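*Asks:* Sequence and predicted structure are below.
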Amino acid sequence: NSWLATFYVAALFAAGRMAETLGDAAFAEKCVAMARNGPAFIDEELYNGRYYFQAIDLGDRGILEPFDTGRSAGVLADGFMDAYWSAEHGEIKYQFGEGCIADQVLGQWQAEVAGLGTFLDERHIRSALATVHAQNFFCAMEDLPNPCRIFALEDEGGLTIATYPPGTRQPVIPAPYAEEAWTGIEYASASHMLMHGLVDEGIEIVSAVRRRYDGTRRNPFSEIECGSYYARSMSAWQLVNAWNGFSADQVERSMHFSPCSSQGYLFWSSGTAWGEFRFNGTSAALRVIGGALDIDSVYVHGRPVPWSVL
């Protein structure tokens, strides 16, 4: 599946970049060579023309057998095979299969957040994100059956974990949280949409989340998932960077901006400082509010520009 596969590829590219920086050329070359094989496979085998899916034969019990080593099934009390195989339906349980999942390219998002760039086909990424919004975002939850945990309800909007578009096969017992809405995934998906030009779609998702946590419906400082103050919601931070198109490279001593809007000052935060950014069309000005700035160059929309510190 593309969800785990993109994490694997991103980790290889990251290891290669770190090894290169530390002077281990042999290990860097090995990691990058392995990483380059992954994206082609994901694009060719796991992309259906609209989005990425999980390629699995749900009726093949043999897929589970190597993992049936007498252990329990994670948080479940049942044995592994009892937990993951439905003898009644002759099908593996808790899979997404052909479904459209919100975090199908989450590893690609992580790579872009870390400054590693895109490795999947950018047209496929944008198409997948657009499909996630079109299929998984609901302006209101009142007509959506949800047998699991309720994090959005009635007239509230949200982005669900998984849907099954017309023409796709839904597993008899799919992932049990498919109909839930998690703010951590909503923020990650929305910020990724902003990063690939789907600005209206990203804003719509974030607006729905903030309406759910507006202080009257729910606590705006405690976004719930498996309990209060859930850590996954911290992915909201990338919304700031995505809106500003901001990234910083401590090795190259550079800062990059590709803002979605030209209005007002932009906030930035790097490893050694934080402050404000202003661009007049030809040159950039940085105001350091805290810390010490240690960079050599500033890029706006991919181009180096003259810059100064206020």
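*Replies:* Cool, got the structure.

*Asks:* Every contact and neighbour count from this point should use C-alpha atoms.
*Replies:* Will do.

*Asks:* for the stretch 101-250 of the chain, what spans make up the helices?
*Replies:* In the stretch 101-250 of the chain, the helices defined using DSSP state H, counting those that start in this stretch lie at 106-113, 122-136, 183-195, 199-212, 237-244.

*Asks:* In this structure Leu194 contacts Trp243, no?
*Replies:* Yes: assessed by Cα atoms under 8 Å, Leu194 is found in contact with Trp243 at 6.6 Å.

*Asks:* one step back: which one of the helices of the stretch 101-250 of the chain lies closest to Gly227?
*Replies:* When the helices of the stretch 101-250 of the chain are compared by Cα to Cα, helix 183-195 sits nearest Gly227, at 12.6 Å.

*Asks:* helices or strands up against the closest one?
*Replies:* Where contact means 3 or more Cα pairs under 8 Å, 6 or more residues apart in numbering; DSSP states H and E, helix 183-195 is packed against helix 106-113, helix 122-136, helix 199-212, helix 237-244.

*Asks:* Export it to PDB, keeping only CA atoms.
*Replies:* The C-alpha coordinates for helix 183-195 follow below in PDB (Å, rounded to 0.1, in the frame of the first residue of the first chain):
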ATOM      1  CA  THR A 183      -7.800  16.300  13.100                       C
ATOM      2  CA  GLY A 184      -4.200  15.100  12.800                       C
ATOM      3  CA  ILE A 185      -4.900  13.500   9.400                       C
ATOM      4  CA  GLU A 186      -7.200  16.400   8.400                       C
ATOM      5  CA  TYR A 187      -4.400  18.900   9.000                       C
ATOM      6  CA  ALA A 188      -1.800  16.800   7.200                       C
ATOM      7  CA  SER A 189      -4.100  16.300   4.200                       C
ATOM      8  CA  ALA A 190      -5.100  20.000   4.100                       C
ATOM      9  CA  SER A 191      -1.500  21.200   4.300                       C
ATOM     10  CA  HIS A 192      -0.500  18.800   1.600                       C
ATOM     11  CA  MET A 193      -3.300  20.200  -0.600                       C
ATOM     12  CA  LEU A 194      -2.000  23.700   0.000                       C
ATOM     13  CA  MET A 195       1.500  22.600  -1.000                       C
END
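
*Asks:* how far off helix 199-212 does it point, in degrees?
*Replies:* Going by axes from the mean of the first three to the mean of the last three Cα atoms, to 10 degrees, helix 183-195 is angled at 150 degrees with respect to helix 199-212.

*Asks:* Helix 183-195: how far from the chain's middle?
*Replies:* From the chain centre to the centre of helix 183-195 is a distance of 6 Å (Cα atoms, centre = their mean, to the nearest Å).

*Asks:* so it versus helix 237-244, what angle?
*Replies:* Using the same axes, to 10 degrees: helix 183-195 against helix 237-244 is 10 degrees.

*Asks:* Of all the helices and strands packed on helix 183-195, which one is nearest Gly158?
*Replies:* Counting by Cα to Cα, Gly158 lies closest to helix 199-212 out of the helices and strands packed on helix 183-195; the figure is 5.9 Å.

*Asks:* Mind listing residues that contact that closest one?
*Replies:* 130, 133, 137, 139, 152, 156-159, 183, 186-187, 189-194, 218, 220, 260 (Cα atoms under 8 Å, 6 or more residues apart in numbering).

*Asks:* buried stuff in it?
*Replies:* Buried positions in helix 199-212, judged by neighbour count with 16 or more other Cα atoms under 10 Å: 199, 201-206, 208-209, 211-212.

*Asks:* Turn those into JSON lines, including pLDDT and distance to Glu98.
*Replies:* Converted to JSON lines, the buried residues of helix 199-212 look like this (pLDDT from 0 to 100; distance: Cα to Cα, whole Å):
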{"residue": "Val199", "pLDDT": "96", "distance to Glu98": "27"}
{"residue": "Glu201", "pLDDT": "98", "distance to Glu98": "23"}
{"residue": "Gly202", "pLDDT": "98", "distance to Glu98": "24"}
{"residue": "Ile203", "pLDDT": "97", "distance to Glu98": "27"}
{"residue": "Glu204", "pLDDT": "98", "distance to Glu98": "25"}
{"residue": "Ile205", "pLDDT": "98", "distance to Glu98": "23"}
{"residue": "Val206", "pLDDT": "98", "distance to Glu98": "26"}
{"residue": "Ala208", "pLDDT": "98", "distance to Glu98": "27"}
{"residue": "Val209", "pLDDT": "98", "distance to Glu98": "27"}
{"residue": "Arg211", "pLDDT": "97", "distance to Glu98": "31"}
{"residue": "Arg212", "pLDDT": "97", "distance to Glu98": "30"}
